[in-house]
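Asks: Sequence and predicted model, in that order:
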Amino acid sequence: MTSFVELLLSGITSGLIIGLAGLSVTLVFGIARFSNAATGDTMTLGAYGALMGTSLTGSLLAGGLIGLAAGALSAILAYVLVFRPLQNRSPISSLLASIGVAFFIRAVLGVVFGHDQMVFQMDLVRPFRLHGVRIQPNDLKFAGVAILTLALVFVVLHLTPIGRRMRAVADNPLLARVSGIAPRPVMFTLWAIAGAVAAVAGILLGMKTVVSPESGWDMLLPAFAAAVLGGIGHPVGAVLAGVIIGVAQELATPFVGFTYKIAISFLVLLLVLLVRPRGLFGKIEGVR
Amino acid sequence: MILNINDMSKAYSGLVVVDKVSIRLHDCEMIGVIGPNGAGKSTLFSLVTGFLEANDGDVVLDGRSLGRHSAAERARHGMVRTFQVPREFANMTVRENLMAAAPRQSGENLISAFFRPRLVAAQEKEIGSRVDETIAFLKLERVADSLAGRLSGGQKKLLELGRALMTGARVILLDEPFAGVNPVLIEELSSKIRALNARGIGFLIIEHDLGALSRLVSKLYVMDRGRLIASGTPQEVLADPLVREAYIGGGLA
Amino acid sequence: MDAYLIAIGTIAGIYLLLALGLNLQFGLTGLINFGHVGFFCVGAYTSAILSTKGVPIPLSLAAAAVLAMLAAWPLGIISIRLREDYFAIVTLGFSEVVRLIVTSEGWLTNGVQGIAGIPRIFRDGAGEAQAVLMLGLTLAFCFIAILAMMRIVRSPFGRMIEAIRDNEEAVRSLGKEPAGFKMQVLLLGSMLAGLSGALYAHYIGYISPDQFIPFVTFQVWMAIIMGGVGRISGTIAGVLILMFFLEGSRFLRDFAPFIPEVSMASIRLGVIGLALILFTIYRPQGLMGDFTKR
């Protein structure tokens, strides 16, 4: 029973990280209307940015903010240089180009930082016990940062004028265009948020595990699965779905083994597409 | 041939777009559906032809209910639509567009395509000559081997009509056939539709160009905010004060 | 030098089979298959495992092609009716999961160590003669595949898949179901990938999971985009350009030995990534051709 609770807690933490990545995918999908395969490598970029920042400033917090800025900046750059020129073409063009962006980011990271795994220098904190359940203080911190990030994003989406415009575009891009909502600031905000959120996910993942040029790409499938399960374009859905997937992965690990974690997200993806392609909260349109 | 559209309804998250619309199309009739923008006309077409799932209502063609059939099955039963924005196969020639529309081609089966070349060749020849007739009828000879994507708006409308003919449709639903077509070609298109109607094909037509439409059809239905608000001969309908109000309300005098 | 050309020719032929499959799927039908390497992997492992267990190679080759098709079938059932980018994601996920499986199921695949000592297809005679025979067999498969492709393109089936690529809704409005056509195309393309994988396994003699990364899929994508999407001649040209790039980067290493091999791998990745971006933006129709007709 206690080991079940421990797995559950660990699952929630990794689920929040998946949820952040899924949120980035779903936001881009809702507003820019394509599946962004560069999300995973933006995560990696954020993690390396944070590593660099930490060793430069000596502070984990400052390093994290630098990583976040790096993620946001690279996403804006990708928008300006790649996705904006493609915005009037089929979403497939953007999807294909996003694979190119992903490869390019990973290649640069690979050349600059090499292929050896890197770790964040973090204090080793002993787990404490609560009613016999072992709790990792670091996991709690990661979960806290993830929840804080999510809270900030939802504040921006729901309480600021630009956030309301973003949601209007997401609900109906045509309507938003004719009713005179200028898409440009909306798009810049979108990409900044999407990049920053992905970077936070990458940094947390790097702190929880290790950082390598491939680590973000491996999160792409869980991120897509979360976005689809949550109902693509639906921010709250993506986060909830991420947690569900994270918990499912951890709970399944004793049965299927560590290596099949990613396969769990694939299974979830297939099941959703088979049973309910519009996901938990999705609208019926846009699925086919 | 009788087409019965019974109580078609569609709502999106509470917003009713099409509300219990019933239309009856008898043998070789031509019927028009008019209404201001956003009245639900195109949605109605999509519901009838199976491109959208209806919340309620049924489509009955010659006594056979098609309400549960897929869009392709409905087309195979003889009810074929065109699109408001033409959906030509842009990277194929006009001739290939028409060839593709012919029903029951053995060569669409890979095994026949590989192992029964003579059967396929004979069918291709037969379809080819029907395509030639269609091209001649639509006067598309000059562009027969051009890519469909390069045609003018009016030519694309003709091509879509031609594809519908090639399927052997008995009733054709035209979604704004005159939109984006120059006046000369509108007359041309009208005369083609009239000629086809005389051959026994029924037409249900959505149109904004009331002049061209009312010269064509024997009966008009008027939609406003998802409902049918009037029906009758074009003269009756256009004199109806309710209709005039709906149109002025919709900003279309 | 002759041996070198024979080797390049054989690898090019293996890539060409892969590329012909993808061109049928994407170029002619518009199917966005991001997991081509998964079917390649299924084919390679199937033939490697069977032949090392003593199954005659002609049988193991056939099994590779059939198993790759069987793997594609459920994917098609689930995702072929959905939006095209969902299909892309599902196939990408499939190829990653295939790699996970061959990594994890050591009892069958020998895990990360991979399978060594895969028997060659031609084992008699001098080394050079063997190599020529292998090249001949690969090119023969390519030739048959090209002939079949040309037959398909000129058939009513080919006309219909091009119509599906141009406008799926219009196809349905004419009373034809796109799903069945797309499924057949998916299966055919996967079969070619499976066969290509099997040839690869027997030619190289050693396979391991890290040879089947998504990078391979997108190399093939790059090849068909560079050559001209939808054109058979373009696919051939694209594969030749790809070989030139891969071999060129190897020669570059000879001139610049200070670049470590892992960096070289990153540089290849970056070049393919950059090429994907630039071609998608500036020349979606490929280096030659006008996107419209063969």
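Replies: Okay, I see it. Numbering: from 1, shown residues only, chains lettered A, B, ... in the order given.
Asks: Doesn't B:Y221 belong to a strand?
Replies: Yes: assessed by DSSP: H, G, I helix; E, B strand; the rest coil, B:Y221 belongs to a strand.
Asks: Can you give me the buried ones in the lowest-mean-pLDDT helix or strand in chain C?
Replies: Ranked by mean pLDDT, DSSP states H and E, the helix or strand of chain C with the weakest confidence is helix C:232-255, at a mean of 88. Using 16 or more other Cβ atoms under 10 Å in any protein chain shown as the test for burial, helix C:232-255 gives C:232, C:234-243, C:245. Glycine gets a C-beta too; all of them are placed from N, C-alpha and C.
Asks: Between these, which sits nearest chain B?
Replies: C:G234 (14.1 Å; Cβ to the nearest Cβ).
Asks: Now do the closest one against C:G273, distance only.
Replies: 21 Å (Cβ to Cβ, to the nearest Å).
Asks: just to revisit the earlier point, how far out from the middle of the chain is the least confident helix or strand of chain C?
Replies: When distances are taken as Cα atoms, centre = their mean, to the nearest Å, helix C:232-255 is centred 15 Å away from the chain's centroid.
Asks: Which positions in stretch A:142-159 come out as buried?
Replies: A:142-143, A:145-146, A:149-150, A:153, A:156-157.
Asks: Let me see the confidence value for B:A144.
Replies: B:A144 is assigned 96 on the pLDDT scale.
Asks: try the one 4 residues further on
Replies: The predicted structure scores B:A148 at 96 on the pLDDT scale.
Asks: residues touching it, list them.
Replies: Counting by Cβ atoms under 8 Å, 6 or more residues apart in numbering or on different chains, B:A148 touches B:88-90, B:92-94, B:97, B:156, B:159.
Asks: Now rank these by neighbours and give me the top one.
Replies: B:V94 (30 neighbours; other Cβ atoms under 10 Å in any protein chain shown).
Asks: What separation is there between that one and chain A?
Replies: 24 Å (Cβ to the nearest Cβ, to the nearest Å).
Asks: Might you name the residue of the stretch 101-250 of chain B sitting closest to chain C?
Replies: For the stretch 101-250 of chain B, Cβ to the nearest Cβ, closest residue to chain C: B:G107, 3.3 Å.
Asks: so that residue sits right up against B:R118, yeah?
Replies: No: in this structure B:G107 lies outside contact range of B:R118 using Cβ atoms under 8 Å: 11.1 Å.
Asks: Looking at those two now, which is surrounded by more residues?
Replies: Between B:G107 and B:R118, counted using other Cβ under 10 Å, the more crowded position is B:G107 (23 against 7).
Asks: pLDDT score for that one?
Replies: 94.
Asks: who's in contact with A:D41?
Replies: Here A:D41 is in contact with A:101-103, A:105-106, A:109, A:216-217 (Cβ under 8 Å, 6+ apart).
Asks: Can you tell me the element it falls in?
Replies: Assessed by DSSP states H and E, A:D41 sits inside helix A:39-57.
Asks: between the next helix or strand after that helix and helix A:39-57, how many degrees?
Replies: Downstream of helix A:39-57, the next assigned helix or strand under DSSP H and E is helix A:60-78. Here helix A:60-78 points in a direction 140 degrees away from that of helix A:39-57 (axes from the mean of the first three to the mean of the last three Cα atoms, to 10 degrees).
Asks: Next one: the residue in the stretch 101-250 of chain C positioned nearest to chain A from chain B, what distance?
Replies: Proximity of the stretch 101-250 of chain C to chain A (Cβ to the nearest Cβ) peaks at C:S104, 4.5 Å away. Here C:S104 is placed at a distance of 36 Å from chain B (Cβ to the nearest Cβ).
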